[in-house]
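[1] Output the structure for:
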Amino acid sequence: MVTEANTGINIGILGAGTWGIALARMLCGSGHSVSVWSALPEEIDGLRSTHIHPKFPDIVLPDSLSYTSDIAEVCGKSDMLIAAVPSVYIRSTTRTAAPYLRDGQIIVSVAKGIEAETLFTMTEVIEDELGDIVKERSVRIAALSGPTHAEEVIRYMPTTILSSCPDIETAEVIQDVFMNTCMRVYTNTDIKGVELCGALKNIIALASGMLNGLGLGDNIRAALITRGMAEIKRLGMKMGCREQTFYGLAGIGDLIVTALSVHSRNFKAGTLIGQGKDAETAVREVGMVVEGMNAIKPALELSEKYDTELPIITAVDHIISGKVSPSEALYGLMEREKRSELSEYYSKK
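    Down below sits the predicted model:
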């Protein structure tokens, strides 16, 4: 069980997937009043009648947790909204919610991705879609990210996470709401770096799964994680992010758990691809959104925009598009030109 907050608030969860439901259960356990919204009425009907999410058949959700398919209802009564839909639906969900937002509301994105058309992070997508509403209604926008698998959070297993907002006071409000005996929350004002890590680590996790599917060992996966974060950091520094972010929970922390855990959809999809299945089949067998697939195109566009080489992410793209096999991509990376690990000995490489 989790400890209850000193003062409970009204929280709306936009999205009834595994992460949204895991957070809903935890926040209910902390004494907050939580409502879950889904655009799919049949999903809401199932949750309301059974109090069980189909992905967590052994977990009975709290009676106090409410469900609705009416976005006006959930927005109208919530002090804080958690945007927990897949990254490709963040813009459309924001557009639907916009007319019903209250003055002073906090919107927290827990989606991880980069919008392909604009190269915006998820909070930038929300801000862009809301436009003048942000100032007119004093809406605050933040991100929550870190090494947090829903399968563990819903069972109250110890977890750490990062509350990120350029406004430190808003980040601290979110920290207070989410912090309890099973979740420790840190703050970080480098929201661009936090969200970049959250999006690109999924691609590295795909690569880690591919190595697993090829039957290779721990040495090469450790190298992949290390060099994968090196290229994410190189890009992030070109984009004005803070170096410390990449060594924190949203950076190396989230990358480790996503690239190694059996709960990781990206790792599962990568494993299937490493075993010889094509990307479309792998995603279908995983049965849920594999965000790493959606992140590849914008990552490569950012690479070009900021003149930063991303060799691992490029190799994953070549595998997904069928240009090379996973083993061919691996040995292509292994045979790249010699270089130093120290940045002063090379420029953009």
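[2] any idea which residue sits dead centre in this protein?
    With distances taken as C-alpha atoms, centre = their mean, Lys112 lies nearest the centre of the chain, 3.0 Å away.
[3] isn't that one right up against Ser145?
    Yes: contact criterion C-beta atoms under 8 Å: Lys112 and Ser145 qualify, at 6.7 Å. In short, each C-beta sits where N, CA and C put it, glycine included.
[4] Overlap in contacts, the two.
    Glu195, Gly198 (C-beta atoms under 8 Å, 6 or more residues apart in numbering).
[5] biggest helix in the chain by residues?
    Counting residues, the longest helix found in the chain (DSSP state H) is helix 191-213.
[6] Format the CA atom coordinates belonging to stretch 28-42 as CSV.
    Below are the C-alpha coordinates for stretch 28-42, written out as CSV (Å, rounded to 0.1, in the frame of the first residue of the first chain):
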residue,chain,number,x,y,z
CYS,A,28,-5.9,6.5,-5.9
GLY,A,29,-3.8,4.7,-3.3
SER,A,30,-2.3,8.1,-2.3
GLY,A,31,-5.7,9.5,-1.5
HIS,A,32,-6.3,11.5,-4.7
SER,A,33,-9.6,11.5,-6.5
VAL,A,34,-8.9,10.0,-9.9
SER,A,35,-10.9,9.7,-13.1
VAL,A,36,-9.8,7.8,-16.2
TRP,A,37,-10.9,8.9,-19.7
SER,A,38,-10.8,7.0,-22.9
ALA,A,39,-12.1,7.8,-26.4
LEU,A,40,-13.2,4.2,-26.7
PRO,A,41,-16.6,3.7,-24.9
GLU,A,42,-16.2,-0.1,-24.8
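[7] Only the buried residues of that stretch, if you could.
    For stretch 28-42, a neighbour-count test (16 or more other C-beta atoms under 10 Å) marks Cys28, Gly29, Ser30, Gly31, His32, Ser33, Val34, Ser35, Val36, Trp37, Ser38, Ala39 as buried.
[8] Give me the phi and psi for the second one.
    The main-chain torsion angles of Gly29 are listed as degrees, to the nearest 10 and equal phi -60, psi -20.
[9] Pull up the gap between it and Pro62, please.
    Distance, Gly29 to Pro62, by C-beta to C-beta, to the nearest Å: 7 Å.
[10] what separates whichever helix or strand Arg227 is part of from the chain centre, distance-wise?
    Following DSSP states H and E, one finds Arg227 within helix 218-238. Centroid displacement of helix 218-238 relative to its chain, using C-alpha atoms, centre = their mean, to the nearest Å, is 18 Å.
[11] list the helices and strands the next helix or strand after it packs on?
    The element immediately downstream of helix 218-238 (helix or strand, assigned by DSSP H and E) is helix 243-246. Judged by 3 or more C-beta pairs under 8 Å, 6 or more residues apart in numbering; DSSP states H and E, the packing partners of helix 243-246 are helix 191-213, helix 218-238.
[12] Put the alpha carbons of the longest one into CSV.
    Only the C-alpha atoms of helix 191-213 are listed here, as CSV (Å, rounded to 0.1, in the frame of the first residue of the first chain):
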residue,chain,number,x,y,z
ILE,A,191,12.4,19.5,-20.2
LYS,A,192,13.8,19.3,-23.7
GLY,A,193,16.6,17.0,-22.6
VAL,A,194,14.2,14.9,-20.5
GLU,A,195,11.8,14.4,-23.4
LEU,A,196,14.5,13.8,-26.0
CYS,A,197,15.9,11.0,-23.8
GLY,A,198,12.4,9.5,-23.4
ALA,A,199,11.9,9.4,-27.1
LEU,A,200,15.3,8.2,-28.4
LYS,A,201,16.0,5.6,-25.7
ASN,A,202,13.2,3.5,-27.3
ILE,A,203,15.2,3.2,-30.5
ILE,A,204,18.2,2.0,-28.6
ALA,A,205,16.0,-0.5,-26.8
LEU,A,206,14.9,-1.9,-30.1
ALA,A,207,18.6,-2.5,-31.0
SER,A,208,19.1,-4.2,-27.6
GLY,A,209,16.3,-6.5,-28.3
MET,A,210,17.8,-7.3,-31.7
LEU,A,211,21.0,-8.3,-30.0
ASN,A,212,19.0,-10.5,-27.7
GLY,A,213,17.2,-12.1,-30.6
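[13] Direction-wise, compare that helix with helix 218-238 and give the angle.
    Taking axes from the mean of the first three to the mean of the last three C-alpha atoms, to 10 degrees, one finds helix 191-213 and helix 218-238 inclined to each other by 160 degrees.
[14] so where is the protein shaky, pLDDT-wise?
    Across the chain, residues meeting the criterion (pLDDT under 70) sit at 1-6, 346-349.
[15] any idea how it splits into domains?
    Each domain of the chain is listed here as a residue range: 10-189, 200-345, per automatic domain parsing.
[16] and the longest one, how far out from the chain's middle?
    So that's domain 10-189. Worked out by C-alpha atoms, centre = their mean, domain 10-189 lies 12 Å from the chain centre.
[17] for it, how far is the first residue from the last?
    24 Å (C-alpha to C-alpha, to the nearest Å).
[18] before we move on, what about the last one?
    Terminal residues of domain 200-345 are spaced 25 Å apart (C-alpha to C-alpha).
[19] hmm, back to that, among the helices and strands packed on helix 243-246, which is nearest Phe178?
    helix 191-213 (14.9 Å; C-beta to C-beta).
[20] Report all helices and strands that the helix or strand encompassing Ile126 contacts.
    Assigned by DSSP H and E, Ile126 belongs to helix 122-130. Packing partners of helix 122-130 (3+ C-beta pairs under 8 Å, 6+ apart): helix 90-97, strand 106-109, strand 140-145, helix 191-213.
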